[in-house]
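A.B. asks: following is a predicted model, sequence given first.
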Amino acid sequence: MSSVFTPAKLIVTLLALPALIIPAFALGYIVYQGSSVISWQFLTSSDALDGFGNSSGILGQLTGSLLLALGGCLIATPIALGAGLFYQLQANPRQRKLLESVLYLLQAIPPIVYGLFGLVLFVHLLAWGVSLLTGMLILAIVVLPALTLNTITSLQRIAPEYSEAARALGLSDSALVGRVWLRHARLELITGQLLAMARALSETAPILFTATVFSGVVWPESLLSPVTTLQTHIFYLAQEGGNPLAIQVAWGSALVLVASVALFSLLARKLKSIGEQ
Amino acid sequence: MLRLWLNTATLLCAASLLLIVTFLLYASSPIFAAQGLNFVVEQEWYPYEALFGLLPVLVGSLLSVGVAIALALPLGVAAALFNLEIIPKAAQSWLRLLMELMAGIPSVVYGLLGLWLLVPLLESQLNLLTGRTLFTAALLLAIMALPTIMVLSEDALRRVSREQRENAVTLGLNWWQQVCRILLPQAWPGIRLATLLALGRALGETVAVMLVVGSIDRIPEPFYNLLLPAQTFTSRIGREMGEAEIDSLHWAALMSSGLALMLISLIVVAPSLFWRSK
Amino acid sequence: MLRLATITLLLSLCLPTLATGQIRAAGSTTLLPIIAEAAKVFRKQHPDITLTVSGGGSGVGITSLKQRKIEIGMSSRPLTKKEQTQLQHIAHEIPIAVDAVAIAVSKAVYQGGIKELTIQQVADIYRGKIRNWSELGGADSPILVIDKESSRGTRHVFAKVVLGDERARAPGATIITGSNNEEQSAISNSDKAIGMLSNAWLNDKVRAIALIQDNLSRLPSTENIISGRYPIQRTLNILIHNDSSTQTRAFVDFLQSEQGQQIVQQVGYLPAH
């Protein structure tokens, strides 16, 4: 890396500047606009009973978002883990190829399509209606491919000596998995979970008509009750461009949402760096 | 017991892919039965008159995503090069952190930024009738794609071995030549993978686009005039999925848009499957 | 450990409380402020009843009610013949408010001289035959024609009176918006826009123009609406099943009561009379 600032470097820098400044500006703007609204009261009282952002308080939306994301990840985990273990433990090269392709294809499907699927299957056919359960399942499908791929890479990172030693000791498959693999891959697996949470918190379109309502719910009574979420709240408020209070609440909600997603991403990053030591 | 779990889990993964595809095919079959393939090239979308054209959203989606990636790719790679080569080491991890955070910002927040900042800005600066245009959507999508492309390109660039770079220096290549002859070509597989990923995500982006694109099912005149309002697959589905009555022809037509969107997304990701297997 | 806690938390949600006092309302965004506000008050009086409210448009309200996905459908337009047949024996309409569909323009347009138009002129704008405000006596600027999603109640009512058929197309439209909210902010953020909006949503930046019919110019004022002189007005209805639950009926009674009708007026609409 020479320190001479050549014309080529200048051009690259000029091209790079928009790529760096615009996102930084966007982030700064969100923080700037949103921080004026944030308060303990904002986070713990509920506006879910009004919906129009006329009184701030996003507790209902916050819980809704977290419940949906948590539920989605929890449902997806056993399947992701199982498929990952299948890949590593049982699959022959052809099966591995196939599973990989299936996962990449699933990952490429836009989440709104999963929303359509969920609308027909869960809301209508199974008659669960617009509900938390429906939303959790749809989000589970959305995060499943990435979670499974993460499981596979985590398992592949385990040094083969451990497995060889375990086999030499005569450990059964279950013991191998339980005592050796899951132990050693624990950190990476949790990282994957955190990333899945971050992902699930960002999804709006698939839950808009399948799990959420405009207002009326703070803490859902049961899994078959709908919820309000930060993502959809922001979406509704975005359309209220004229009302200054609504604008403020929208930015505040956006900041809380971004902060929540960032929390999970940063935790994942931290764990990853711990794991790499 | 273990086998049962592993097998069931894997089957579920495979089954969900099959299920989604079958579901879309089945749900959109009424429109194929009623109109054959005519609706694919039909230029208008007006459910009340049984006009279910795919052409407006096809043009809208492809143009907005194409322009978005065309903008984001060079800028993103430049930013990656910038981070890797130009700024001091101390700042590198901060910049990287910023980018990773940006990559995680939910799309609905970008929608907010787009609607409240970008739309008025474009409207006033470019003297447009309305700031809700295909170009606005493309710009927003580009901003959303930048962090992803930058982070993944940086990873790809970092992977180019020291050896290669040292060889280049010994051969007397200057910085720019190093970049063009060694770094970029070597990192190209990673970069093109990143591009494909960003492309796929941009195609599937719903709420941000829905708020800023104008949502009018009309092919701009001329078709490459991005400064006019238009419609994309995701915006159409997002706006009408709540109101189309299930089992109606309108619903089947909406499903056919979903099917088309899925097919295009799968086609976009297919090359990466091929490349990975090499 | 954390996982165990969350699992127990989620399991606690499984406690079946599905059918106890649940009222789901959805549909027209014109009625949304009324129902949302009334729901707030009603919940204080009946804390055991869960009342959720959603938008989506009149089309969504009617369809969802038909499919028994909701208990109260909100509609800002009359039922079509097809819908009437489908709902004949299962549901009925209850008017709870009255409003008018105003032809709204951006403040700058209004102040630029466009204060009244004939219905034909509005139709020509939406059909693309008139494209510049100067053709109507205003400033020289192109018209931003804001249309609504075709299933929206406001659009049905507008199209019926202005374009002749509730399903008529508007080839002159520039952009399409969905909810009343979206339309209102689109008009207020522009200086050239025209759109269709419930009169309760008018404000300083979104002004109603008077409609000229039979040589008489009428603003969507309260008197003109009550007397029926303003050409585009409607009753705002809720639809409930004939066999609806006691809770639903309680809420409906509340809406029709004096307190409920006061809320209607508070939010900006006219009482159902």
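C.D. replies: Thanks, I have it. Residues are numbered from 1 along each chain as shown, chains lettered A, B, ... in the order given.

A.B. asks: where does pLDDT dip in the stretch 151-278 of chain B?
C.D. replies: Applying pLDDT under 70 to the stretch 151-278 of chain B picks out residues B:277-278.

A.B. asks: quick check: mean pLDDT of stretch C:83-96?
C.D. replies: Mean pLDDT, stretch C:83-96: 92.

A.B. asks: now do stretch C:158-168
C.D. replies: 93.

A.B. asks: now do stretch C:178-188
C.D. replies: The average of the pLDDT scores along stretch C:178-188 is 92.

A.B. asks: before we move on, which element is A:Leu223 in?
C.D. replies: Under the criterion DSSP states H and E, no helix or strand holds A:Leu223.

A.B. asks: that one and A:Leu132 touch, don't they?
C.D. replies: Yes - the pair A:Leu223 and A:Leu132 qualifies as a contact (CB atoms under 8 Å) at a distance of 5.1 Å. From N, CA and C alone the C-beta is placed, and that goes for glycine too.

A.B. asks: tell me which of those two has more neighbours.
C.D. replies: More crowded of A:Leu223 and A:Leu132, by other CB atoms under 10 Å in any protein chain shown: A:Leu132, with 26 against 23.

A.B. asks: wait, that one sits on A:Leu67?
C.D. replies: Yes - using CB under 8 Å, A:Leu132 is in contact with A:Leu67, at 6.3 Å.

A.B. asks: is chain C contacted by stretch A:244-257?
C.D. replies: No - remark: stretch A:244-257 sits outside contact range of chain C, by CB under 8 Å from any CB of the partner chain, the gap being at least 8.9 Å.

A.B. asks: which residues sit against that stretch?
C.D. replies: A:30-31, A:33-38, A:42-43, A:47, A:52-54, A:56, A:58, A:61-62, A:65, A:201-202, A:230-231, A:233-234, A:237-238, A:240-241, B:106, B:108-109, B:112, B:116 (CB atoms under 8 Å, 6 or more residues apart in numbering or on different chains).

A.B. asks: buried residues, it. List them.
C.D. replies: For stretch A:244-257, a neighbour-count test (16 or more other CB atoms under 10 Å in any protein chain shown) marks A:246-257 as buried.

A.B. asks: now, which of these sits nearest chain B?
C.D. replies: A:Ala254 (4.6 Å; CB to the nearest CB).

A.B. asks: which non-adjacent residue is nearest that closest one?
C.D. replies: Nearest residue to A:Ala254, sequence neighbours excluded (CB to CB, 6 or more residues apart in numbering or on different chains): B:Val109, at 4.6 Å.

A.B. asks: pLDDT, distance to B:Leu259 and secondary structure added to the buried residues of stretch A:244-257, as TSV?
C.D. replies: Shown next, in TSV, are those (pLDDT from 0 to 100; distance: CB to CB, whole Å; DSSP: H, G, I helix; E, B strand; the rest coil):
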residue	pLDDT	distance to B:Leu259	secondary structure
A:Ala246	85	37	helix
A:Ile247	88	38	helix
A:Gln248	87	41	helix
A:Val249	88	38	helix
A:Ala250	91	34	helix
A:Trp251	92	37	helix
A:Gly252	91	39	helix
A:Ser253	92	34	helix
A:Ala254	94	33	helix
A:Leu255	94	37	helix
A:Val256	93	36	helix
A:Leu257	95	31	helix
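
A.B. asks: nearest to chain C among these?
C.D. replies: A:Ala246 (8.9 Å).

A.B. asks: hang on, the earlier thing: with just CA atoms, put the strand or helix carrying the residue nearest to A:Ala254 into CSV.
C.D. replies: Using DSSP H and E, B:Val109 sits in helix B:107-113. The C-alpha coordinates for helix B:107-113 follow below in CSV (Å, rounded to 0.1, in the frame of the first residue of the first chain):
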residue,chain,number,x,y,z
SER,B,107,-36.3,-1.7,4.7
VAL,B,108,-39.3,0.1,6.2
VAL,B,109,-36.9,2.6,7.7
TYR,B,110,-35.4,3.1,4.3
GLY,B,111,-38.9,3.6,3.1
LEU,B,112,-39.3,6.4,5.6
LEU,B,113,-36.2,8.0,4.5
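
A.B. asks: checking the closest residue to chain A within chain C next. Helix, strand or coil?
C.D. replies: Nearest residue of chain C to chain A, counting by CB to the nearest CB: C:Ser185, 3.0 Å away. Following DSSP: H, G, I helix; E, B strand; the rest coil, the label given to C:Ser185 is helix.

A.B. asks: that'll do, ta.
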